[in-house]
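> Sharing a model that was predicted from the sequence below.
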Amino acid sequence: MILKFMARQCRVCGFPWLISNVMSWNDNGTITIVMQPEMKAVILHQGFIDALFSGIGARLGVSIEHIAFEAQRNAAKEVFDSTFNMIPGMRFALRFKPVKRFSVRYFNLVASDCGMCHSDVVNFEGVKSGVSRITNPFYMPMLAANVVGAFEAMERVPYKAEWEESGPDTYMLKVEQTGEKPEIAQRMDLHIEPSLPGKGRLESCSHCRAPRGLSHLEWKPYDGMIIDSRTKSRVLLLDGYTVSAVFREIRRELGDEVDELLMDAQRQWTIAHVSLLGLTPTTEPLSPEKLSEAYVEYLSMLPLHGHGNPVSFKAEDGSIELVVENPYDPFLLAGTIKGLYEALEKTESDVSREEVRPGVSRFVLKPA
Ligand SMILES: [Zn+2]
């Protein structure tokens, strides 16, 4: 009954009730979890996830699946731990099987509303193990890690996961209690830092308070997907820490020289994204007015996606300077802005970035 209530969608804008009540779109370029206001979330594109985890792995010649798994496991555990800890009496109630069953169904609802997958419990033996059928996972290793992290938050012991394909985009996922976490998991702790305040104003739905700037999102909770109706591409809501933790660990394993590769993957993906959005309709250079409109349109999406708050933008003699507060990941954002610049100005570029003060990054782009 409660879950049915939580699964409703806003009759005005279609936003899932759970998302508009559990998450907050703030005036400082962040999306946070209401019960733990320092815990950030972001909207990411499926194309970005594919470019990062499949593309980068292929270009580096190593698999980064295990790194992504461990980063996501820690992040999911943190999110669900905070949920359980904030509800009075919940830790005690979690000793009982019906409450555990309710929690697992809640995990499934969160996964489908966040566009991660559709999940059905096939077999739930309580604390020891469980089997689910997963359809349309956004990226199976990270999805499995989410389930493991959720179970670890519920039971407070380490779990492991294994899965096998059972049909088109469908997997049987088994999670099971295990003794210890691998050593790498200890290094993947989240770096949760406070955000700077901001004055950005996002218009919101009069009925559910979800941001109106996201009205192009089509929520398909039964399929476990969210579609950006402008580009027909899939997006998802994810914690705001996994990708940075993965970057940190790849750098630790492979050295700083991977920075260029990571930034280039993001640059290439952004160029394709700008084109899908129809911001570069011809191969001719845009007029100064159209150019400025295109920058404003793309940059206005940053706060809606929880990627940061653009507070200053200057364009002069073919160069641009942009200041962003609370960037989701300054390094990733440098790749985004480089891609945006190159797509709109139709020229290769040099980007420099500097942390003006904690939580504030300045990016300067010039033709190469
Ligand atoms: Zn609404």
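Cool, got the structure. Numbers count the residues shown, from 1 in each chain.
> The closest residue to Leu190 other than its chain neighbours and Met188, how far apart?
In space, and not counting its chain neighbours, Leu190 is closest to Tyr241: 4.3 Å by CB to CB, 6 or more residues apart in numbering. C-beta: built from backbone N, CA, C; applies to glycine. Distance of Tyr241 to Met188, computed by CB to CB, to the nearest Å: 9 Å.
> Out of those two, name the residue with the larger neighbour count.
Neighbours per residue (other CB atoms under 10 Å) separate Tyr241 from Met188, with Tyr241 holding more: 25 against 22.
> For Pro281, give me the pLDDT.
We have a pLDDT of 81 for Pro281.
> Now do the shared contacts for Tyr241 and Met188.
Residues touching both Tyr241 and Met188 by CB atoms under 8 Å, 6 or more residues apart in numbering: Ala71.
> Stretch 148-168: which residues count as buried?
Residues of stretch 148-168 classed as buried by neighbour count (16 or more other CB atoms under 10 Å): 148-154, 158-161, 163.
> Would you confirm that Ala185 contacts Ala75?
No - between Ala185 and Ala75 there is no contact, the gap being 11.5 Å when judged by CB atoms under 8 Å.
> ok, the two, which is more surrounded?
Ala75 (26 against 16).
> now the closest residue to the more buried one other than its chain neighbours: how far from Gln266?
The shortest distance from Ala75 to any non-neighbouring residue, by CB to CB, 6+ apart, is to Asp239 (4.1 Å). Separation of Asp239 from Gln266 (CB to CB): 19 Å.
> again with Leu217
Remark: distance between Leu217 and Gln266 (CB to CB) = 22 Å.
> Phi, psi for the residue nearest to Ala75 please.
Torsion angles at Asp239 (phi, psi; degrees, to the nearest 10) stand at phi -60, psi 160.
> for the stretch 201-350 of the chain, what spans make up the helices?
Per DSSP state H, counting those that start in this stretch, the stretch 201-350 of the chain carries helices over the ranges 242-254, 258-276, 288-299, 301-304, 330-345.
> Which other helices and strands does the second one contact?
Here helix 258-276 is seen to pack against helix 46-49, helix 56-60, helix 242-254, helix 330-345 when contacts are counted using 3 or more CB pairs under 8 Å, 6 or more residues apart in numbering; DSSP states H and E.
> Could you export the ones you listed to TSV, including columns for mean pLDDT, distance to Lys181 and mean neighbour count?
Converted to TSV, those look like this (pLDDT from 0 to 100; distance: least, CB to CB, whole Å; neighbours: other CB atoms under 10 Å):
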stretch	mean pLDDT	distance to Lys181	mean neighbour count
helix 46-49	88	24	20
helix 56-60	78	22	15
helix 242-254	82	15	19
helix 330-345	94	27	22
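> Of these, give the one that comes closest to Ala210.
Closest approach to Ala210 among these is made by helix 46-49 (21.0 Å; CB to CB).
> For the closest one, what is the distance to the chain centroid?
10 Å (CA atoms, centre = their mean, to the nearest Å).
> Other residues contacting it?
If you take CB under 8 Å, 6+ apart as the criterion, helix 46-49 is touched by 138-139, 142, 233-236, 266, 269, 272-273.
> ok, Ala334 to Asp350 distance?
The spacing between Ala334 and Asp350, counted by CB to CB, is 11 Å.
> cool, Ser20 as well?
Distance, Ser20 to Asp350, by CB to CB: 41 Å.
> These two - which one has more neighbours?
Ser20 (21 against 12).
> I'd guessed that one sits against Arg209; true?
Yes - contact criterion CB under 8 Å: Ser20 and Arg209 qualify, at 6.0 Å.
> Quick check: the gap between Val311 and the ion.
28 Å (CB to the ion, to the nearest Å).
> That residue - how many residues pack around it?
Neighbourhood size, Val311 [other CB under 10 Å]: 17.
> mind listing what the residue nearest to Leu190 touches?
Going by CB under 8 Å, 6+ apart, the list of residues near Tyr241 reads 40, 71, 75, 78, 190-192.
> got a winner among the residues you listed for most neighbours?
Busiest of the contacts of Tyr241 [other CB under 10 Å] is Ala71, holding 29 neighbours.
> before we move on, the earlier item: of the contacts of helix 46-49, select the buried ones using a ChimeraX command.
One line in ChimeraX is enough to select the buried ones among those; burial here means 16+ other CB under 10 Å:
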select :138,139,142,233,234,235,236,266,269,273
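> Kindly indicate which of the buried residues of stretch 148-168 lies nearest the ion.
Ala150 (26.9 Å; CB to the ion).
> tell me the mean pLDDT for the one helix or strand the closest one maps to?
Using DSSP states H and E, Ala150 sits within helix 140-155. In this model, helix 140-155 carries a mean pLDDT of 90.
> C-alpha coordinates for the next helix-or-strand element following it, PDB please?
Next helix or strand after helix 140-155 toward the C-terminus (DSSP H and E): strand 159-167. Output of strand 159-167 as PDB, limited to C-alpha atoms (Å, rounded to 0.1, in the frame of the first residue of the first chain):
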ATOM      1  CA  TYR A 159      27.900  -9.300   0.100                       C
ATOM      2  CA  LYS A 160      29.000 -10.400  -3.400                       C
ATOM      3  CA  ALA A 161      27.100 -10.600  -6.700                       C
ATOM      4  CA  GLU A 162      27.100 -12.800  -9.700                       C
ATOM      5  CA  TRP A 163      24.900 -12.600 -12.700                       C
ATOM      6  CA  GLU A 164      24.200 -14.400 -16.000                       C
ATOM      7  CA  GLU A 165      22.300 -13.300 -19.100                       C
ATOM      8  CA  SER A 166      18.900 -15.000 -19.400                       C
ATOM      9  CA  GLY A 167      17.300 -13.100 -22.300                       C
END
